[in-house]
Structures are given as structure tokens and as C-alpha cells.
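Participant: 3D model of this:
(chains A, B, C and D)
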Protein chains: 4
Amino acid sequence: MNISKTALVLVDCENDFLSPDGKLYGLVKPEAGKEDLLSNINSVIDAAHSKGMDVVFTSMVFDPGYPGLEEGSFGIFDAVKNAGALVSGTWGSEIVDSIHIAESDKVFEKRTMCTFQTTDLEPYLRSKGITTLVFGGLVTNLCLETSIRSAYDRGFETYALTDCMAALDPAVHDMTVSQNFPMFSKPVDHNNFLEMVS
Amino acid sequence: MNISKTALVLVDCENDFLSPDGKLYGLVKPEAGKEDLLSNINSVIDAAHSKGMDVVFTSMVFDPGYPGLEEGSFGIFDAVKNAGALVSGTWGSEIVDSIHIAESDKVFEKRTMCTFQTTDLEPYLRSKGITTLVFGGLVTNLCLETSIRSAYDRGFETYALTDCMAALDPAVHDMTVSQNFPMFSKPVDHNNFLEMVS
Amino acid sequence: MNISKTALVLVDCENDFLSPDGKLYGLVKPEAGKEDLLSNINSVIDAAHSKGMDVVFTSMVFDPGYPGLEEGSFGIFDAVKNAGALVSGTWGSEIVDSIHIAESDKVFEKRTMCTFQTTDLEPYLRSKGITTLVFGGLVTNLCLETSIRSAYDRGFETYALTDCMAALDPAVHDMTVSQNFPMFSKPVDHNNFLEMVS
Amino acid sequence: MNISKTALVLVDCENDFLSPDGKLYGLVKPEAGKEDLLSNINSVIDAAHSKGMDVVFTSMVFDPGYPGLEEGSFGIFDAVKNAGALVSGTWGSEIVDSIHIAESDKVFEKRTMCTFQTTDLEPYLRSKGITTLVFGGLVTNLCLETSIRSAYDRGFETYALTDCMAALDPAVHDMTVSQNFPMFSKPVDHNNFLEMVS
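Facilitator: Residues are numbered from 1 along each chain as shown, chains lettered A, B, ... in the order given. A predicted model of the protein is given here:
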């Protein structure tokens, strides 16, 4: 792994998903509540920081009133709207306190499941010569998976950190990791990552 | 369903996937070999044609030599390359003979899992005022799923025709349809579709 | 003009461009200082509001430190960086006070000349059934022109409000309006617009 | 110039623009008929080939019947449609015979002014580690300019080959090259390029 060409990308690590008081915590609780999840995520963040690797966060954030979703919405966006979650400027859309985000890490706000479609993440990464992306975060089979699929289609080398993510339930996690991720990423766990960057 | 604002989108209905002599048929055989698959697909195509609904095909096609995938490729693109499949100008990349494609149906060639990223499908649909997309085709949890995810992120109303598609195996099909598709589409079967357009 | 399918899009109406104390005002002064510019812009905003037409603002905004532009930057982004302009959270990146922005108008932040590439403007517009865009703002031959070119390529019907914009100098304005805009938009002035919506 | 990270991109070098019998030749004749245009273009192609630099062609091509442009079209697409030009499978959409295209050069078909929006050019370039693009071709202030603007927004280092292109007329060429190109590219001529790669 060429560290200068690699970035760690952490998707939707927001209070509304990951904090027990978050508005969507119920949706991912069986997985997000796993004891090691935050420590695994922090271990890869710490390693990346210590090596000078780029660390970026991408967060789904909606304007108050959920413009564009007023009527006819369905699926995950509708669930977010109905929960009143992930609103710009609220605690729920902030990165979880206990996550080791550094001041120099960038946060990209997105309005889509995909991490690239409504952000300048790709030109930012390209301007730095980054061609490999290592993904963790939430939700395994939703924003995270869409983002990895899109990174693959955009020609990035992609890794999926299988123990640094949370799905809607463990069975979905297992199938996503075993059946889907190998089709468009290289699945590794946080220990593999620590070895790769050391 | 407003027929004039709806298009039927059929992904990767190519010989290399769906014909017993196709180079990737082995990959999807348990699902692609299901007796009713082609007749279900044809029933929705016939209904769309009879109602004057737009029908478009999107096909993954690679130039000879798989430019851009010469080295370092992995995942599904690598599997396609290693099989020598889906090459431009070959039988394998043609729409299956028994599928009721009409001369007026458009075929969009793509080089990605996503049906939109490397095609002019979106401006084409937008120019016709189409805002609802009904998806079928291959592979349930690969190009088809990436395409539906991207259509959802682009603000289309999306339907997934659950018995007009084939996954890598039946368990993956079931989980994709039950756990993932409702998050970014409205799953229906071909009979539901026939009722909706009648 | 079908008002329910039309949005007014105002590009880069930020203090750093349009206010005499703005950091880039010198760049566009001969044009931005034109007596009628702000009143023309406000007349189309007022008309749009009175008819219930969607009004959106798109603003180029950079994070502090201009991430991605640290080295090797050139062109307009480099000029913005060197001027220390358009920084997130500063007065310079706010919409000019005297512009009649309403609370319900949306502001989309972009990091590119193009108004679509790094924003969710397109899915937002599509979700509302909007297919016609009427453009005004800054800079005629830079962000504004790139945005109109991209809207045209995306299949929107596009109008350019020729007396609601400012170029780097009058000769560039004239050539852009006469030679380029008719190739990818329908040039009109604010009076034409007022007639079209009345 | 790091040759292994650079590609030469030649836009719309098709018979319908550049050959005296082409259907759009009249549109660009004063510029496209310049004695040195084709020899300048060939000199940079030859140099790129001799250095092993990637050379790609991007060509605007429409399906027969101009789907998506049936009604309501305007601007340059409408002009192309009315001329019956740039149709897939016809001589008019082929690269001009006298241009030194090599068999290994790739041709990307696009349906937009932009060279990236409906093609897989960006993932192709990214997979090769290419971060600098040198642009020539047609039409200076239309597809070529849109493509350079978009490359800049995507984070590429961009060069414009000012004597390897043709505008609608010489005055437009001059203003585009002097006023617009420096904002989002580094303008050079074919001799500068030959020095840079030698």
C-alpha cells in the first residue's frame, strides 16, 4: 500500500447513526452497538494519522425541511426525513465525539447515498494524486456500499474495512461482506489495515 | 404510474450473461437459467411497447484489450476480462436474440456497473420528461443494483422488477430483494407491472 | 414558459465578487459596478418569487486553507486562493445583502466553476419536475458560462439573462453573449423575462 | 511535463467538421481551413506517439434520428441535427483520414459538448495515473472549451494547444484563447508542446 496515494474514507459517522441518543440509532443498533466498532474505527484513524495518510469524512446532511423530499419520497431518504434526522446544523449530523477526527481531516457533506455525486471529494483526491481508497463507516449496505460501488466505477482501487462498519442487522452485514464487497473492493479488517500501513 | 413519464430500463441482457454459450453464463446460471426469467422480461417489454412506454437497454461493453484494465484490475471487471467477455463487436455483447427488443428501443453502452456514469442515458431521459424508471436485467446485486442505487441518488422514482432479474445465486437474490431494494426502490414483480400499466 | 417547471439560478452573487469591499471586486468592477446590475437581478428575483417560481443560489465556497489547491494550482481557482476570497464562514462568501434572497430560497455551495458537479442541485431540481433553468449572476464567462454549458449538456432548456450578469470586462461580456451563449442557451434580458413570466 | 502522467486529448476531429465535404465544415471553415491546422495537430500527435504518451480522441456522435433531440432542441445540438451531421456509422463521424491516429489510440464517443460527461474517459485516465491533459481539436469555443472547463473542475492540470484548434471565426478564437483559456488552462502552441515533451 502506497500511503501517499491512499486515503481513509469514513462514511456517515454521525451522531444520528452511532450515538445511543441518535435518531436513527434504532435502525442500526444491533450492529452499531457492537463493542469494538468505535475502537476498530479509531485504530485505523490513528494509524492513518500517524503515517500522514489523508483521512476524510463524508456525511449525509439535509437542509431543514428536507428540500426535494417534500412529497413522493420513499426508501432510506424517506426514513431519514420521517425520523427528522441528519439535519444541517444539528448535533445529529455531527461526527461522533469519541471518534478521533483531527482538525486537519476534511468533512464532505453529501445529500445522496453516494459519497462522490454531490461533493468535490473526487477532484480533491485527484489533486493529491490519491488512487486508493479505504472505506469504513455506516451503513454497510446503504451509503457505504453505494460509495464503494461508485469509487470502483470511477477507477479507484478500493478496500472495505469489514469490522469498521455497521449494517442494518448482522445477517445483512455478513452477506454484503461475503457476496457483494469482493465484486468491487478488497475486503480487509482493521488488523489487516494496520499491517498494510506499518 | 404515469406512462409518459416512465421508462423501462433493462440492464446487461447480453448473450455473455444470459445465453447458455455465453462466457459468463456459468456465473449466473442458477438464476439466469430459471425457466420464467426470459418470459417475464418479455412480458414487461411487450406491455411497455404496447403502451408506447420508452424501453431502453444498457449494456456493459469493453473495447478489445480491455483498455484501463490492463493491470491491477480486481472484482467483477477483472472476472469479465479474464473470461474474455462483453467485448464490443462480438456476439457476447449483443442483446439476447429471444428478447423482444424493438428497432426503436435504444441501447446505451456503458463501461461501468452504473448505467448512468458513462452514458448519456440521463440527459436522454430528462429530455423526454421521464422521472420514473422501472429496472430489470442482470446481475441483480451488481450492475443492476448499482444502477438502481444511482437512479435513486439522481432523484428518479425507481421500481425493481424482482422476477425479471438474476443474481449470482438464489440466496443473494433473496437478500438483495428483501433487504436492499426497498431502501432505494419500490420492488414489484412482472404481474404488478402489467397491472400498473394496464 | 411553464413556471412550475422553471427555476431561476443565480450563480456566485457573493460579497467577494459584488460588494465594493469584496476581495475579487477589482476583477469584475467594470462590469459588476454597472448601475443597473443589482436592480436587474432583483427585478427577476422579485418576479420569480411573486409567481412562486423556484429561486436557487449557487455559490463557490472554499474551506479555509483551500484544500486541494495547496500547490500546483492555476487559473481562476489560483486567483481566488491568492486573494484569500470565497472562504466558508466569512462575509465574502455570503450572498450580497441588497439582493432579494428569500428565506425559502436554497443556497447550494460548490467548489467548482460548474454549478452541478459538486452539488445536489440536479437531483433537487429533478425531484421538483424542473426542466427549464434561467441563469444570471457571476462571472459571465467563468462560473456562469460553465454552469450554463453543463445545464445544456444535462438536457435542461436554458436561458441566459444577459443584463443580470457581469464579465471580466465589457468586451468579453459582449462576445460571450453574442457568440457563445446562443450555442447552448436562449439569451434574454430582464425585461424579456418579466414578460415571459407575466 | 511528466509524460507518463499526461495524455493528449483531441476533440471532435471528425470529417463533418474538418473535411471540406463535411456537413458542418461551413460553420468552421474560416478557421478549420487554415493551412497549418492539420499539420500542427499531426505534429503533436507524432510527438506524443514517439514518446509513448497516451493519445485519445473524443468524438460527438449521435444515433440516427437524434434521439432526445426530436423536439424543442436549440443551440449547437439543433444545428448538428438540422445539418444531419455526426451520425453514428457514417463517414461524417469518422476521424479525418489525414490525421495520424494510431491503432492503439482510443476513441471515446460522446453525446454532449463535454468530453467526460457521457464517456468513461475519466476512469480510463485515472486507471493509468494520468493527471495532466493537453487539449486540441474542435470547436475552440464549443466542445473543446466545455471539455477543458470540465477537466479543470475535475482537478486535472490542463493545457490548451492554441494553434491546434478551430473556432467559428478568428475573432472568437482570439478572445477565447486570450480571455477564457488562461482562467482554466495553460495555453501553449504546438512548438511549446514539442519542447515540453522532448
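Participant: from here on, contacts and neighbour counts on C-alpha atoms
Facilitator: OK.
Participant: can you map out the helices along chain A?
Facilitator: Here chain A has its helices, by DSSP state H, at A:15-18, A:25-32, A:37-51, A:75-83, A:121-127, A:143-153, A:170-175, A:181-184, A:190-197.
Participant: Figure out which of the ones you listed is closest to chain D.
Facilitator: When the helices of chain A are compared by C-alpha to the nearest C-alpha, helix A:121-127 sits nearest chain D, at 4.7 Å.
Participant: near chain D, anything from the closest one?
Facilitator: Yes - using C-alpha under 8 Å from any C-alpha of the partner chain, helix A:121-127 reaches chain D at A:E122, A:P123, A:Y124, A:R126, A:S127.
Participant: hang on, isn't the second one packed against D:D153?
Facilitator: Right, the one you point to is A:P123. Yes - counting by C-alpha atoms under 8 Å, A:P123 does reach D:D153; the two are 7.2 Å apart.
Participant: Quick one: buried ones out of the residues of helix A:121-127 next to chain D?
Facilitator: A:E122, A:P123, A:Y124, A:R126, A:S127 (16 or more other C-alpha atoms under 10 Å in any protein chain shown).
Participant: From C:N141, how far out is the residue nearest to A:I95 when sequence neighbours are not counted?
Facilitator: Nearest non-adjacent residue to A:I95, counting by C-alpha to C-alpha, 6 or more residues apart in numbering or on different chains: A:E14, 4.5 Å away. Counting by C-alpha to C-alpha, to the nearest Å, the separation of A:E14 from C:N141 is 39 Å.
Participant: Based on its surroundings, how many neighbours for A:S59?
Facilitator: 26 (other C-alpha atoms under 10 Å in any protein chain shown).
Participant: Of all the strand elements in chain A, which one is longest?
Facilitator: Assignment by DSSP state E gives strand A:157-166 as the longest strand of chain A.
Participant: Contacts (any at all) between chain D and that strand?
Facilitator: No - judged by C-alpha under 8 Å from any C-alpha, strand A:157-166 makes no contact with chain D; its nearest approach is 8.8 Å.
Participant: Would you mind pulling the contact partners of that strand?
Facilitator: Identification of contacts with strand A:157-166 by C-alpha atoms under 8 Å, 6 or more residues apart in numbering or on different chains yields A:28, A:31-32, A:37-38, A:40-41, A:131-140, A:148, A:151-152, A:173, A:177, A:181, A:184-190, A:193.
Participant: Tell me how many other residues surround A:Q179.
Facilitator: A:Q179, neighbours per other C-alpha under 10 Å, totals 14.
Participant: May I ask you to confirm that A:T118 is in contact with C:E122?
Facilitator: No - counting by C-alpha under 8 Å, A:T118 stays clear of C:E122, with 9.2 Å between them.
Participant: can you list the residues of chain A near chain D?
Facilitator: A:E122, A:P123, A:Y124, A:R126, A:S127, A:G129, A:T131, A:D153, A:R154, A:G155, A:F156.
Participant: Check A:T140 and give its pLDDT.
Facilitator: Listed pLDDT for A:T140 reads 97.
Participant: try A:P123
Facilitator: Listed pLDDT for A:P123 reads 89.
Participant: Quick check: it vs chain C, distance?
Facilitator: Distance, A:P123 to chain C, by C-alpha to the nearest C-alpha, to the nearest Å: 8 Å.
Participant: Next: A:E195.
Facilitator: Using C-alpha to the nearest C-alpha, one obtains 28 Å as the distance from A:E195 to chain C.
Participant: per-residue confidence at the residue nearest to A:I95?
Facilitator: pLDDT at A:E14 comes out at 98.
Participant: and if you look at A:L168?
Facilitator: pLDDT, read off for A:L168, is 89.
Participant: what's the neighbour count on the residue nearest to it when sequence neighbours are not counted?
Facilitator: Sequence neighbours aside, A:V28 is the residue nearest to A:L168 in space, at 4.8 Å (criterion: C-alpha to C-alpha, 6+ apart). Counted by other C-alpha under 10 Å, the residues lying close to A:V28 total 19.
Participant: What parts of chain A come near chain B?
Facilitator: So chain A meets chain B at A:74-76, A:112-114, A:141-142, A:146, A:149-150, A:153, A:172, A:175, A:179-180, A:182-186 (C-alpha under 8 Å from any C-alpha).
Participant: Can you tell me which of the residues you listed are buried?
Facilitator: Of the residues of chain A next to chain B, these count as buried by 16+ other C-alpha under 10 Å: A:74-76, A:112-114, A:141-142, A:146, A:149-150, A:153, A:172, A:175, A:180, A:182-186.
Participant: got the phi/psi numbers for the residue lying farthest from the centre of chain A?
Facilitator: Ranked by distance from the centre of chain A (C-alpha atoms, centre = their mean), the top residue is A:E71, with 27.2 Å. In terms of degrees, to the nearest 10, the main-chain angles of A:E71 are phi -140, psi 150.
Participant: how about it, what does it touch?
Facilitator: By C-alpha under 8 Å, 6+ apart, no residues touch A:E71.
Participant: how does it look with 10 Å?
Facilitator: A:D78, C:S127, C:K128 (C-alpha atoms under 10 Å, 6 or more residues apart in numbering or on different chains).
Participant: ditto for A:Y124
Facilitator: By C-alpha under 10 Å, 6+ apart, the contact set of A:Y124 is A:I130, C:P67, C:G68, C:L69, C:R111, D:R154, D:G155.
Participant: For the first one, the count of nearby residues, please.
Facilitator: When neighbours are counted by other C-alpha under 10 Å, A:I130 registers 22.
Participant: Just give the closest residue to it, not the sequence neighbours.
Facilitator: Spatial nearest neighbour of A:I130, chain neighbours left out: A:K5 (4.1 Å); criterion: C-alpha to C-alpha, 6+ apart.
Participant: how much space is there between the one you found and chain D?
Facilitator: Distance from A:K5 to chain D, by C-alpha to the nearest C-alpha: 11 Å.
Participant: A:H100 versus that residue, what's the distance?
Facilitator: 22 Å.
Participant: what about the nearest residue to A:V55 once chain neighbours are set aside, how many neighbours?
Facilitator: Nearest non-adjacent residue to A:V55, counting by C-alpha to C-alpha, 6+ apart: A:L8, 4.8 Å away. Neighbourhood size, A:L8 [other C-alpha under 10 Å]: 21.
Participant: A:L8 and A:S43 touch, don't they?
Facilitator: No - taking C-alpha atoms under 10 Å as the definition, A:L8 is not a contact partner of A:S43, at 11.9 Å.
Participant: which ones are touching the closest residue to A:S93 other than its chain neighbours?
Facilitator: Spatial nearest neighbour of A:S93, chain neighbours left out: A:L86 (4.6 Å); criterion: C-alpha to C-alpha, 6+ apart. By C-alpha under 10 Å, 6+ apart, the contact set of A:L86 is A:12, A:14-17, A:22-24, A:59-64, A:66, A:80, A:92-94, A:111.
Participant: Just the buried residues from these, in PyMOL please.
Facilitator: To isolate the buried ones among the contacts of A:L86 in PyMOL, judged by 16+ other C-alpha under 10 Å, type:
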select buried, chain A and resi 12+14+15+16+17+22+23+24+59+60+61+62+66+80+92+93+94+111
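Participant: shared neighbours of A:P123 and D:D153, anything?
Facilitator: C:R111, C:T112, C:T118.
Participant: Output those of these also counted as contacts of chain A.
Facilitator: C:R111, C:T112, C:T118 (C-alpha under 10 Å from any C-alpha of the partner chain).
Participant: Out of those, which comes closest to chain B?
Facilitator: Nearest to chain B out of these is C:T118 (C-alpha to the nearest C-alpha; 13.1 Å).
Participant: Distance check, that closest one against A:F116.
Facilitator: When C:T118 is compared with A:F116 (using C-alpha to C-alpha), they lie 8 Å apart.
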